[in-house]
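Peer 1: My questions are about this predicted structure, shown below with the sequence.
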Amino acid sequence: MRLRIAQMSRIACATLLAGGALSSTGLAQVSTANFQNGLNGYNGNFVRRISSQSDQDINGIDYTYFYVDGYNAAGSDDQQALLRFDNIIGNGAGQIPAGATILDARLRLVTSLTGNADSPGPFGVSGLLQPFDENTTYFGSFSSTTDYTSRGAWWQDGSATRPVGGYGALLEGNVGRADITSVVQGWSDGSLNNNGLVVQAGMNDALVEDGAGHTTNGWAFRSTGFPFSDSRPKLEISYTTESVEVNTFQRGLNGYSSDTMALVHSGDNALIADTDNVEEPEMTTDGSLLDQTFLDGVFFGETGVDGTTSSPDLFSLIKFDDVFGTNTGQAPSDVPIAKAWVVLTTGDTSGAAQSQGPWSAYTMLRDWDTTTLHSELGSVNGLQEGDGDISAALSSVEGLIRGSEAWFDVTDYLEGVRNGADDYGIAITADGTADGWQIHANGSTTAEARPRLVVYSGDVNVVVPGLSGDFNDDGTVDLADYTVWRNNLGSDFALNGNGDETGGSANVVDAADYALWKANFGQSSGGPAFVQSAVPEPSSILLGLLSVLGLTQVRRRVRK
């Protein structure tokens, strides 16, 4: 993840102080707050693991790391992590004022270096709807609305919110940051009690006996008992106390129906249909409205030299009309977009609904309708940035378990529309994964799960937590990060703080990473750092290696 400031034409020179306001310009103030045991005197984080094997319940303070896992009848327990961050809302130093608008909130967890700590995921994060303590248990503290005695803390049982963030594939040592902005917003405005969070693998009712519908590959992350505070669980929050107007656009909400959604399938070489008029009855609940459906990422088989795919290219196009205006429920056209998200909800009718991801949102640069052919999207079928079909990725999400929400940040797209850019909507497509993903369409029988657009309007410079070039994630871009880059040059290694590789989506470490580090040398999460050392240049040997690898040209990177 990178340090990102929305509305680039309005960037202000500001100093970031953890827990303090920032602005030296008179624009609206944005503040950041970090909560991590041992950081700035904070010790309000309590972690407990609960397990379907009662003798595996543990408190995090007693362990440097522990595993979460998914259930399998063959011997894999369902193990969930419960995390509390107490006393984060209030009027004290470093706290978030009650009622503040949360612009970004991330749960940062560091994968252990112990053997088998890595996992392909996915793991989801939900807000807890009931409190827990050091005596909470899997069966004794949670009940199920089904014939199961308990599923621990699970959204369908009323003990947790729908999962709103997640973790995809994580290698040993990787840092994962799950987006839990909507949960922390509930804590701030009082619509949700701060009972903490649950991290879990997820499950499927019909197939739970077989361990299907979720990963059974455990994941170990560092706990509150880890000796170094900078590796313990951490909550990173960006917020403002300035006035922000919030509007939500979702079919069936406040009479709104001005959205269009379509699926594009490479196998049929055509737009399948407007989801309001689907011809395939088996894909619908009433013969006309699409309920839940799959997206998929293209994958060519070993013998697919003729272009045959064993996994089709199947993506979605979504457009919300009538967003700006002066009517009730519309976003004001004369106020900048502070943040905007397109929210899709993972399905729950298939054991394969989940996906480790990543999935990305793009600005559509071509017009389309429900008769547009797949082959009409530029000279090359499908969507390509180089073909003029789509923008660079706006945002990406990973770690989608059953029923979870995927919050795609589309701020730049919607701010462009507000300023007069052509509006062809958003494309949601796989970003390197061939793992299918079931989603609710705009004809879903579960109204709350239909696609929605959430818009925050306000003159606010939005700062997303994170620091580009901070490869060792210690809060400062310095020589230690150069050492990490140098030691991993040319390797397939997930650097922290380089944007597209945090959280486990690994790419080759190359000159682009060096350029990112150099551009941010001397910065820290608390503002500009006092660094006496000169910026080192790559040696001739390293430059030669870069040349051999063909990496000296800085690539344009997908940012998360």
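Peer 2: Nice, thanks for sending it over. Numbers count the residues shown, from 1 in each chain.
Peer 1: residue ranges of the strands in the stretch 101-250 of the chain, please?
Peer 2: Per DSSP state E, counting those that start in this stretch, the stretch 101-250 of the chain carries strands over the ranges 101-110, 123-127, 165-167, 175-179, 197-200, 219-222, 234-240, 245-250.
Peer 1: which helices and strands does the second one pack with?
Peer 2: Pointing back at strand 123-127 there. Counting contacts by 3 or more C-beta pairs under 8 Å, 6 or more residues apart in numbering; DSSP states H and E, strand 123-127 is packed against strand 165-167, helix 181-189, strand 197-200. Yep, even glycine has a C-beta here, placed from its N, CA and C like the rest.
Peer 1: Extract the C-alpha set from that strand and format it as CSV.
Peer 2: The C-alpha trace of strand 123-127 is given here as CSV (Å, rounded to 0.1, in the frame of the first residue of the first chain):
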residue,chain,number,x,y,z
PHE,A,123,-9.2,-14.8,5.7
GLY,A,124,-11.9,-12.3,6.5
VAL,A,125,-12.4,-9.6,9.1
SER,A,126,-15.7,-8.7,10.8
GLY,A,127,-16.8,-6.4,13.6
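Peer 1: Walk me through the domains of this structure.
Peer 2: Following automatic domain parsing, the chain resolves into domains at 30-240, 245-457, 479-549.
Peer 1: Bridge partners for the spatially most central residue of the chain, pull those for me.
Peer 2: For the chain, the residue nearest the mean C-alpha position is residue 397 (3.9 Å; C-alpha atoms, centre = their mean). Taking DSSP bridges as the rule, residue 397 bridges to residue 359.
Peer 1: contacting residues for it?
Peer 2: 166, 179, 357, 358, 359, 360, 406, 407, 408 (C-beta atoms under 8 Å, 6 or more residues apart in numbering).
Peer 1: mind checking pLDDT for the residue nearest to the first one when sequence neighbours are not counted?
Peer 2: Looking back up the chat, that one is residue 166. Using C-beta to C-beta, 6 or more residues apart in numbering and skipping the chain neighbours, the partner closest in space to residue 166 is residue 399 (2.5 Å). Per-residue confidence (pLDDT) for residue 399: 95.
Peer 1: One more: residue 145?
Peer 2: With respect to pLDDT, residue 145 scores 80.
Peer 1: I'd say it and residue 155 touch.
Peer 2: No: at 10.7 Å, residue 145 does not count as touching residue 155 under the criterion of C-beta atoms under 8 Å.
Peer 1: Show me which of these two is the more surrounded one.
Peer 2: Legend: neighbour count by other C-beta atoms under 10 Å for residue 145 and residue 155, higher for residue 155 (24 against 11).
Peer 1: mind listing what that one touches?
Peer 2: Residue 155 is in contact with 126, 161, 162, 163, 403, counting by C-beta under 8 Å, 6+ apart.
Peer 1: Read off the pLDDT value for it.
Peer 2: 94.
Peer 1: Find the nearest non-adjacent residue to it, please.
Peer 2: residue 162 (5.0 Å).
Peer 1: residues contacting the one you found?
Peer 2: Neighbours of residue 162 in contact, by C-beta under 8 Å, 6+ apart: 126, 155, 345, 403, 404, 405.
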